[in-house]
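**Q** Sequence and predicted model, in that order:
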Amino acid sequence: MAIANQKGGVGKTTTAINLGTALSAVGEKVLLIDSDPQGNASTGLGAPRRLRVKTLYDVLMENFPIQAATMRTALPGLDLLPAEADLSGVELELGQTARRAFRLRDALEPLRAGGAYSYVLIDCPPSLNLLTLNAMTAADAVLVPLQCEFFALEGLTQLLRTVDLVRGALNPALQIQGVVLTMYDRRNSLSAQVARDVRENLGETVYQTMIPRNVRVSEAPSFGKPVLIYDLKCAGSEAYMKLAREVVGRERAQRAARA
Ligand SMILES: Nc1ncnc2c1ncn2[C@@H]1O[C@H](COP(=O)(O)OP(=O)(O)O)[C@@H](O)[C@H]1O
Ligand SMILES: [Mg+2]
């Protein structure tokens, strides 16, 4: 599942970390792939740079086997394929190589066959670049975090068009898992207004669960911890647990529809 939105700061990385944690808490085996050269998902999961031995760069550019590049996190059900700044070179280095959009899909093939993970989450960079294309080409579905702010829907058209393009040219099976409203502030009437607008426009695509704006969520990464570990009882943790159950429910329904 690619977690994508070309806007920065909308909650992609926060959702990747905490949805990944919540999924592992309900018994799923999860791999989080950090596909942002900023490496925030890696840091937020307690993998400082000195501990990142192999990264997504080695997998994409050096054909390093993905199983050997993943690392454990503090959570038994959650593994990480970390990222470093060198990942930003991929776009230029791949140039016009054949299958340049299929690098991640090809690298993930042994995992699909092996069945070690029930969910693979890919934290995308804030851009519709080659890394995001690789994520969408490798994924079965896209999950879109949308921040509850005035310009929430702006840019979404472009994102959905990209999903259509990928479906047409690279990955016919690609689905939209859902859109999750993030940083919802119930004391702010604009938040409610935006949530209403988004639901009117996108209907069922939008998850029931909204992620509230919650300081515990924003504090957790500086301790290298998911919020579910940092403060299990806070509103942010509860929301991500709820979202995980919704995601699993949708995944089962979508799989049944495919079969
Ligand atoms: N629910 C939330 N409540 C409070 N702060 C949040 C929440 N979700 C994200 N943030 C903060 O917003 C900023 C951007 O989030 P991030 O997940 O890094 O976005 P992206 O990956 O889309 O750039 C971070 O500082 C993060 O801690
Ligand atoms: Mg991010």
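**A** Arrived safely. Ligands and ions are numbered 1, 2, ... in the order given.

**Q** all contacts plus neighbour counts: C-alpha atoms, from now on.
**A** Will do.

**Q** pull the longest helix from this structure.
**A** Looking across the chain with DSSP state H, the single longest helix is helix 235-258.

**Q** correct me, but Thr137 touches Ala101?
**A** Yes: counting by CA atoms under 8 Å, Ala101 is a contact partner of Thr137 at 6.8 Å.

**Q** Who has more neighbours out of those two?
**A** Remark: of Thr137 and Ala101, Thr137 carries more neighbours, 26 against 22, as counted by other CA atoms under 10 Å.

**Q** Run through the neighbouring helices and strands of the longest helix of the chain.
**A** Applying 3 or more CA pairs under 8 Å, 6 or more residues apart in numbering; DSSP states H and E, one finds that helix 235-258 contacts helix 12-25, strand 175-184, strand 206-212, helix 215-219, helix 227-230.

**Q** Now do the shared contacts for Thr137 and Ala101.
**A** Listed contacts common to Thr137 and Ala101 are Leu170; contacts here mean CA atoms under 8 Å, 6 or more residues apart in numbering.

**Q** Output the contacting helices and strands for whichever helix or strand Val59 is part of.
**A** Val59 belongs to helix 56-61 when assigned by DSSP states H and E. Helices and strands touching helix 56-61, by 3+ CA pairs under 8 Å, 6+ apart, are helix 66-69, helix 103-114.

**Q** can you pull the pLDDT of Tyr57?
**A** Among the per-residue scores, Tyr57 holds a pLDDT of 97.

**Q** How about the contacts made by the closest residue to it other than its chain neighbours?
**A** Spatially, and ignoring its direct neighbours in sequence, Tyr57 is nearest to Leu87 (5.3 Å; CA to CA, 6 or more residues apart in numbering). The contact partners of Leu87, taken as CA under 8 Å, 6+ apart, are 35-37, 56-57.

**Q** which of those residues tops the neighbour count?
**A** The most crowded member of these, judged by other CA under 10 Å, is Ser35 (31 neighbours).

**Q** Okay, the closest residue to Ala139 other than its chain neighbours and ligand 1: tell me how far apart.
**A** Spatial nearest neighbour of Ala139, chain neighbours left out: Met1 (5.1 Å); criterion: CA to CA, 6+ apart. To ligand 1, Met1 is 15 Å away according to CA to the nearest ligand atom, to the nearest Å.

**Q** Surely Pro145 is within a strand?
**A** Yes: according to DSSP: H, G, I helix; E, B strand; the rest coil, Pro145 belongs to a strand.

**Q** who's in contact with it?
**A** 3-5, 10-12, 15, 179-182.

**Q** how about 6 Å then?
**A** Contacts for Pro145 (CA atoms under 6 Å, 6 or more residues apart in numbering) come out as 12, 179-180.

**Q** hang on, Val227 packs against Val215?
**A** No: at 10.0 Å, Val227 does not count as touching Val215 under the criterion of CA atoms under 6 Å.

**Q** neighbour count winner among those two?
**A** Set Val227 next to Val215 and count neighbours by other CA under 10 Å: Val227 wins out with 29 against 12.

**Q** What confidence value was assigned to the more buried one?
**A** Value for Val227, per-residue pLDDT: 97.

**Q** The nearest residue to Asn40 once chain neighbours are set aside and Gly114: what is the separation?
**A** Once flanking residues are discounted, Asn40 sits nearest to Thr13: 6.9 Å by CA to CA, 6+ apart. Look at Thr13 and Gly114: by CA to CA, to the nearest Å, they are 26 Å apart.

**Q** This completes my enquiry, with thanks.
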